[in-house]
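> Predicted model follows, preceded by the sequence.
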Amino acid sequence: MTKPVIEVESLAKSFGDNHVLKDITEKVEPGQVIVVIGPSGGGKSTFLRCLNLLETPTSGKVAFEGQDLTTLDTKSVNSLREKMGMVFQGFNLFPNMTVLENIKLAPMKVKGTDNATATKTAHELLKRVGLEDHADAFPDSLSGGQAQRVAIARALAMNPEVMLFDEPTSALDPEMVGEVLNVMQELAKDGMTMVVVTHEMGFAKEVADRIWFMADGYIQENNTPDEFFAHPKTDRAKDFLSKILM
Amino acid sequence: MTKPVIEVESLAKSFGDNHVLKDITEKVEPGQVIVVIGPSGGGKSTFLRCLNLLETPTSGKVAFEGQDLTTLDTKSVNSLREKMGMVFQGFNLFPNMTVLENIKLAPMKVKGTDNATATKTAHELLKRVGLEDHADAFPDSLSGGQAQRVAIARALAMNPEVMLFDEPTSALDPEMVGEVLNVMQELAKDGMTMVVVTHEMGFAKEVADRIWFMADGYIQENNTPDEFFAHPKTDRAKDFLSKILM
Amino acid sequence: MKKKFGLLLAIIVALFMTVVPLGTQHAQAADNSLEKIQKKGVLVMGTSPDYPPYEFQATVNGKSTVVGMDVQIGKKVAKDLGVKLKIKSMSFDSLLVALQTGKIDMIISGMNPTPARRKNVAFTHVYYQGGYDIVINKTDKAKYKNKDSFKGGTLGAQTGTTQYNAIKKQTTNTKSKGMTSQSDLILALQSHKLDGVAMEKPSAEAYVSNNKQLAAIPSNFNMSSDATSSAIAFRKGSTSLVNKVNKTVDQIKKENLVKKDYLPAAGKYLKTNTVNTSMGHYWKAFATGIEYTLIITVCSVFFGFIIGILLALARMAKGNVFKTALRWLATAYVEFIRGTPMMVQVMFVYFGLGLFVNLPALTSGIIAISLNSGAYVAEYIRGGINSVNIGQTEAARSLGMSNGETMRYVVLPQALKNIWPSLGNEFITLIKDSSIVSIIGVTELIYQSNIVRSDTYRGVAPIVVIMVLYFIMTFTASRILNYFERRMQHD
Amino acid sequence: MKKKFGLLLAIIVALFMTVVPLGTQHAQAADNSLEKIQKKGVLVMGTSPDYPPYEFQATVNGKSTVVGMDVQIGKKVAKDLGVKLKIKSMSFDSLLVALQTGKIDMIISGMNPTPARRKNVAFTHVYYQGGYDIVINKTDKAKYKNKDSFKGGTLGAQTGTTQYNAIKKQTTNTKSKGMTSQSDLILALQSHKLDGVAMEKPSAEAYVSNNKQLAAIPSNFNMSSDATSSAIAFRKGSTSLVNKVNKTVDQIKKENLVKKDYLPAAGKYLKTNTVNTSMGHYWKAFATGIEYTLIITVCSVFFGFIIGILLALARMAKGNVFKTALRWLATAYVEFIRGTPMMVQVMFVYFGLGLFVNLPALTSGIIAISLNSGAYVAEYIRGGINSVNIGQTEAARSLGMSNGETMRYVVLPQALKNIWPSLGNEFITLIKDSSIVSIIGVTELIYQSNIVRSDTYRGVAPIVVIMVLYFIMTFTASRILNYFERRMQHD
Ligand SMILES: Nc1ncnc2c1ncn2[C@@H]1O[C@H](COP(=O)(O)OP(=O)(O)OP(=O)(O)O)[C@@H](O)[C@H]1O
Ligand SMILES: Nc1ncnc2c1ncn2[C@@H]1O[C@H](COP(=O)(O)OP(=O)(O)OP(=O)(O)O)[C@@H](O)[C@H]1O
Ligand SMILES: [Mg+2]
Ligand SMILES: [Mg+2]
């Protein structure tokens, strides 16, 4: 059995009196695609952000390849973050740089990659997400779907071992959802380990290895998609599914 | 045969050089539920806003119950708008008033309804949208689904003959989409004439009498839901459906 | 050098009198002057009380009284003669005639015993040698000896005074700089913009005794000592009286009473109090300043708000030609006001409007600041209206509300809530900007600080005090406004 | 009333000379004075050129020359005698001695023919009767006749002058108000804050001839006419010469040449030009003002920006005690500066820092404004940084960038773009705020306008001119900034 990429143990996170994550213990195996679903405000984003320490856990342990992140100093945390690419609902492209510059910035400034190599990699990645023509465009001129694909390419440029997605399609016009999900599906096929928060049930059913259903600060269910959608065990999950599928 | 509620003839609308609506001729019969679908930027919102003259058409005719709106003076337009309730993607509740005050404002200030009557009607409407407990809440404290239902109640308070909906659920968390669509379905059942712009295909299939597919400034197809989803005629519609249903 | 014009007249009178001998002159024959006074029991002293610290009017126990070092000398003279002193005030020009016509018995009024005068009256010994000193920074004391030490440097004096002419004409290789205010000169000195300031001795002494960083050196200006010394005048021929009084004068000089007692005592009455220069002593002046600052601020905020609303509505007027003109005018006004300094606007209102109506400075200041503030408030209101989401307007319009109803019931209430913080800021800005009306002489805080500065001869302390006072006002105001802001948001 | 001190000295000298007769006095015996001059062919005129418009220095064709109405008279006298005129400048005090010792042949220097002087020199007839006028608003001409017409009203005069004493002592039921500047008095008059302003006749004439809204009435102050009239002095006993010159003087008086020709001619040389009061004529003064205003603005924006960045970084410092202290200090500084008026800050820097180092006013002004601006800029920068979406930071951090790298490569570039409009506004604000340094005497636009005001006796026109100039500057600046802003947004 391979070593899990991410191990979470008794993770808890509060904002003041608001106990968002209460007690979470799960692991992610290499190559697995985890889809996290659950009601709004249930702590899905907070959980994802705890994984790469954008949010500092209140208690508990988050281990990446066996190494407990919560014990590391700032510098090591920075370099560990490189290994976990993250894509946000709001793209967060740097508006003052072209698509190419967006992708090259982190490799060059953080890893010290030289310009030529970084440019070459960036062009390859753009091809992979189907945007080789838009290298010199500014983010403002892109559609939402295109921007999100650039964001994925940018995260991939750091050559991460895990990709975290936080509702990557929920800010998009319905027409553009498909093109982003397609790119993610390709990534999964290529064996990328992924943790995805999404409301796209089609994607969850088709691509996920496991569904984690999160509500009230706990992972309430952890199951295969077929099992979860066909026979949700908890009332919380049944209620959620009934609402979301109408 | 009854007289159509809304008749649109050769309607065109440009913003500068941007010809958003090119030539639209359609009508809405009493009690009909029309669902308008189409790609983003296709002019759906603009079309809806032309119906109650929130946008002044560049050319063509918009008639409400046989009366051409484009020829009316400002005052008559104002009183005609009362008869067409409109619900927006962003709710647009008045944040400085309670839910009850939001609903009572227009009847009292525009129609001159007395306070007691207006309050009574408002409570009835709140009951109808399932929010009788939230009369004294401020909009900020409502969830998106609740806010949108208040917006519907507010529009209904003017006792309109037509209701226009512009993507009423696309700003909502997935869990809350259902509660809003349910209210709309009830409305339709009660015989309200409705024009709805939405991406919720489930709703379209179940509730719509006709689907208008709008793209590039024209209504490209006008058909029953069954026919439209099963056999889209134009390539534009096929392409759109393939993307949106993934 | 006191009242040269009076002096001239006196000389003319004196010359005239040498031609037409007056009856009093034969008093010379039989000198019973001392006896006569002592018999009368009262010595009438004539003086012209407008020459501090020699003699001047001051309010003592609520009554205007003649005080000063000359009065002290008069009292001493009377006491030594064993008689009562009675003081008669008159213009300096009238003193000699009053003496010669017997209206008064003696003159103590900083009078110089010039040869011309000596022909007509009898002077005692000189009781005070005045003249001119140069005030310098104490640190330079080793460097400067007198007027000739300032080669290559700069000397200052009040423009139009004798000492100003002296520094111009009696120095070589020394730049001279005239200013109108004595206290500005001292400030310039302390800030090393001048190397020395020439002034009359008593003034110099007042400065030096009140400010430990200053020192005085003799000026050595080339002037007849008559022109700088003071003596007591009696009627010609009152030899016995003069001889008796000379003893008193000699004692005063021997014991250095003028410097030791009389000048400091006189100083107590000067304007306010030149001895107590602590800032606390001036709390009333500062309080007046704060009062006016707040009056100006509150009035200007009030009128500025009204003007602002009118301007904002005018700027949004649309429709016929009249409305367009109105919008155009309001826009031009707002842009022009916002494009020119408030100081110019204040000057313009004060001097410009003043050509047509007689406006007090305070009113002018409030008008100018209100007009200025109105332009800014108009922009806040416009901004507040624009900041209300267009969706709010559309929702209201789609409910059948007219443009006016939408503005009144939906947009304005939200806009006013949005601009409350800006209006609060405007209030705080006006507390600060009201300082500008000091230039037209409104007694607000900065103006008061200038008064205290010239009163205490202290350059920086009053500035620091009002700086702190301003900060307290703006800080308090911002806390209060924040409190209400938070409360409004809770509603 | 000219140089009373000099007069006094002269009298003393004169009195002295009556005791020790000088050699020149026996010239009285045989009077060949006229012959002697005509033989010599040159008439040496002594004068003290510091009494405009009588006589003063002016730059004519690049050379400093003695000009004035007395010079015109001297020329006329020389011409009528058929000789050349030579002018010798000296201090007024030396004139009499110089005449008596033969260094000069005559004195024309606004000299009053007092009895004391008459004993020692020979005066011609009076060529100019000076004295005092009261300047009033022309509209009041029917109302006021002389000093006694102002009962219940207010008269103004320059403090410390003879006319100031006169309005105080020679009027009844009339309030008197002293100001230091003549032109402020005129402004106060025009804005009806005063009912009349007492001044010397020639000045009054200059004002009235330059301002159509003013009129002059005789003051009727009770003064010996000797004290206000001027005559030419020759050596005692030069009867033939004096008689001859008297003919010239009589002609001058008969033809009213002083008022008609000499005074207007003298006026041309006054300071700049008192005749041409059009604003265009003063373009150089205004240009200097604009220059300094822009210098102050540009320097202050530059240093303010640097100070602002440092303060903004200091306010965001977090970590050890030192950094916390730094943050605390920067916060206090920013709050204090923003809570006090710039005018106080300017005064504080000028007078306060001046206690330690000798700073010119311009430097002080730039320092004060930079320090002030820095506090505001710091807030803009902080605001700009905060306005960058937190998502940008998170995206950068999730890519493995450190805090510093994120700030440098992602946040700051966007922040600076965001605050560019604020910085532009700050520049425009500083153009306006630089006006405040006028109070410490920096020759920027407002200061220059005050100079022009006092030069032209016109109260409002210069204010209007600089108002427009300020507006042009701010308007141009805002257009230029908008242009660059738009260009930056296109990038
Ligand atoms: N930085 C923060 N400070 C305080 N509270 C926070 C913060 N971030 C999140 N929260 C709170 O934590 C709770 C969970 O938020 P989170 O965004 O993790 O939920 P979510 O499951 O991602 O919801 P959604 O589907 O709406 O994105 C919410 O109540 C939110 O208000
Ligand atoms: N007020 C306006 N001024 C200028 N252009 C406008 C305006 N409103 C809409 N447009 C333009 O008209 C076109 C159609 O916009 P519209 O909002 O009607 O499309 P839509 O079909 O509703 O799209 P979506 O699904 O994104 O809401 C777009 O290109 C838009 O930029
Ligand atoms: Mg989330
Ligand atoms: Mg739309």
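Sure, I can see it. Ligands and ions are numbered 1, 2, ... in the order given.
> Quick one: name whatever helix or strand follows the helix or strand harbouring C:Asp184.
Taking DSSP states H and E as the definition, one finds C:Asp184 inside helix C:182-190. Following helix C:182-190 in sequence order, the next helix or strand is strand C:196-200 (DSSP H and E).
> Give me the contact list for that following strand.
If you take CB atoms under 8 Å, 6 or more residues apart in numbering or on different chains as the criterion, strand C:196-200 is touched by C:1, C:130-136, C:144, C:147, C:150, C:153, C:155-158, C:163-164, C:166-167, C:182, C:185-186, C:188-189, C:207, C:217, C:219, C:221. To be clear about C-beta, it is placed using only N, CA and C from the backbone, and glycine gets the same treatment.
> As PDB, could you dump the C-alpha coordinates of it?
Taking Å, rounded to 0.1, in the frame of the first residue of the first chain, the C-alpha atoms of strand C:196-200 are listed here in PDB:
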ATOM      1  CA  GLY C 196      20.200  91.000  16.700                       C
ATOM      2  CA  VAL C 197      17.100  93.200  17.300                       C
ATOM      3  CA  ALA C 198      17.500  96.800  18.200                       C
ATOM      4  CA  MET C 199      14.800  98.200  20.600                       C
ATOM      5  CA  GLU C 200      14.300 100.600  23.400                       C
END
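> how far out from the middle of the chain is the longest helix along chain A?
Secondary structure of chain A per DSSP state H: the longest helix is helix A:174-189. How far helix A:174-189 lies from its chain's middle: 13 Å, per CA atoms, centre = their mean, to the nearest Å.
> Show the contacting residues for C:Tyr207.
Counted by CB under 8 Å, 6+ apart, C:Tyr207 has contacts C:Val135, C:Ile186, C:Met199, C:Leu214, C:Ala216, C:Tyr457.
> now the residue of the stretch 101-250 of chain C found nearest ligand 1: how far from ligand 2?
Residue of the stretch 101-250 of chain C nearest ligand 1, by CB to the nearest ligand atom: C:Ser191 (53.5 Å). The gap separating C:Ser191 from ligand 2 is 61 Å, by CB to the nearest ligand atom, to the nearest Å.
> Show me where the chain has its strands.
Here I'm looking at chain A. A:6-15, A:18-28, A:33-37, A:59-64, A:67-68, A:84-87, A:162-166, A:193-197, A:210-215, A:218-223 (DSSP state E).
> meant chain C actually
Using DSSP E, strands in chain C cover C:42-47, C:50-51, C:55-60, C:63-67, C:84-89, C:106-107, C:121-129, C:132-137, C:154-158, C:175-179, C:196-200, C:214-218, C:229-235.
> Give the burial count for C:Asp105, as a bare number.
25 (other CB atoms under 10 Å in any protein chain shown).
> Which residues of chain A lie near ligand 2?
Contacts of chain A with ligand 2, taken as CB under 6 Å from any ligand atom, map to A:Asp173.
> residues in chain A within reach of ligand 1, list them.
A:Phe15, A:Asn18, A:Val20, A:Ser40, A:Gly41, A:Gly42, A:Gly43, A:Lys44, A:Ser45, A:Thr46.
> out of those residues, who's near chain C?
When CB under 8 Å from any CB of the partner chain is applied, no member of the residues of chain A next to ligand 1 is adjacent to chain C.
> quick check, nearest of those residues to D:Phe336?
When these are compared for distance to D:Phe336 (CB to CB), A:Phe15 wins out at 34.5 Å.
> about what we covered before: the strands of chain A: lowest mean pLDDT?
Sorting the strands of chain A by mean pLDDT places strand A:67-68 lowest, at a mean of 88.
> Pairing partners for it, with directions?
Note on strand A:67-68: by DSSP bridges, its sheet partners are strand A:59-64 (antiparallel).
> Show me what the partner strand is in contact with.
A:5-12, A:23-24, A:50-51, A:53, A:68-70, A:80, A:83-84, A:162.
> For chain A, what is the nearest residue in the stretch 151-300 of chain C?
C:Thr297 (40.0 Å; CB to the nearest CB).
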